[in-house]
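>>> Here's my sequence, what's the structure:
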Amino acid sequence: MSKIVDLLFSEGNIVTTISILVSATIAMIVLGVNQFYSNRRERKKLICQKIEEFYEASIAYTNACDKLITDIQRMTYRCESGYYRNDPAAYALFEQSISKMEMLHGLYFQRIDFDSEDYAITKMPLIWAANSGELARNSVNADDVYKASRAHINMSAEHLSELCKELMRKHMI
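Residues are numbered from 1 along each chain as shown. This next block holds a predicted model:
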């Protein structure tokens, strides 16, 4: 070991040793900076993908709500008893979109104003009235519950759109 140290720091090799040490230090710094910026760029790219997924889930939610309300309005899934069923595909899309937004909110966007309870099926009184038979028994005003449900859909679409726009502004690449 002492022979190696003597060889490295002898009069003729000291310049070579210093240049090797400086080059190695510069290479390590450049590698570290490059890794930092590469990780940062990948993180931003991932966040942008998640914002896109959140936006797509919000659009799917709005479309599913619209489909469920329109089906009731057109009496598409009305039973002979007067009760209504929901389109299983539209209801599944409704549930999946809320779950996806909830997951993305919890994992990536905790700071935004999102509460999945604000988008629950109970927020659309027309669906409850149709499924419970209240609509068939005329114990609720169909126009009022329809308007309230449509208002919820419009308000939800607007709120979700604002959330997505806020996320896009905050996380621009």
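>>> For this protein, which residues score under the pLDDT cut-off?
Under the criterion pLDDT under 70, the flagged ranges of the chain are 1-12, 173.
>>> tell me the SS of the residue nearest to F109 when sequence neighbours are not counted?
Among residues not flanking F109 along the chain, L167 sits closest, at 6.3 Å (Cβ to Cβ, 6 or more residues apart in numbering). Placement of C-beta: from N, CA and C, glycine included. L167 falls in the helix class when you classify it by DSSP: H, G, I helix; E, B strand; the rest coil.
>>> I'd say I127 and Q73 touch.
No. I127 is not in contact with Q73 according to Cβ atoms under 8 Å; the separation is 11.2 Å.
>>> Pick out whichever of the two has more residues nearby.
Shown here are I127 and Q73; by other Cβ atoms under 10 Å, I127 has more neighbours (23 against 14).
>>> any idea which element the more buried one lies in?
Using DSSP states H and E, I127 falls within helix 125-132.
>>> Can you mark which positions in that helix are buried?
Buried residues in helix 125-132, defined by neighbour count with 16 or more other Cβ atoms under 10 Å: P125, L126, I127, W128, A129, A130, N131.
>>> Pick out the residue nearest the middle of this structure.
The centroid of the chain falls nearest to F54 when counting by Cα atoms, centre = their mean (2.8 Å).
>>> distance of E134 from N141?
10 Å (Cβ to Cβ, to the nearest Å).
>>> These two: which has the busier surroundings?
Shown here are E134 and N141; by other Cβ under 10 Å, E134 has more neighbours (18 against 12).
>>> thinking again about what came up before, what's the helix or strand for the residue nearest to the centre of the chain?
helix 14-74.
>>> how distant is that helix from the center of its chain?
Relative to the mean C-alpha coordinate of its chain, helix 14-74 is positioned 14 Å out (Cα atoms, centre = their mean, to the nearest Å).
>>> could you give the angle of it to helix 125-132?
60 degrees (axes from the mean of the first three to the mean of the last three Cα atoms, to 10 degrees).
>>> which element follows helix 14-74 toward the C-terminus?
As assigned by DSSP H and E, the chain's next helix or strand after helix 14-74 is helix 88-107.
>>> and that following helix, what does it pack onto?
Applying 3 or more Cβ pairs under 8 Å, 6 or more residues apart in numbering; DSSP states H and E, one finds that helix 88-107 makes contact with helix 14-74.
>>> wait, what's in contact with the nearest residue to A130 once chain neighbours are set aside?
The shortest distance from A130 to any non-neighbouring residue, by Cβ to Cβ, 6+ apart, is to Y84 (3.7 Å). Contact partners of Y84, counting by Cβ atoms under 8 Å, 6 or more residues apart in numbering, are D71, I72, M75, Y77, R78, A130, N131, L135, A136.
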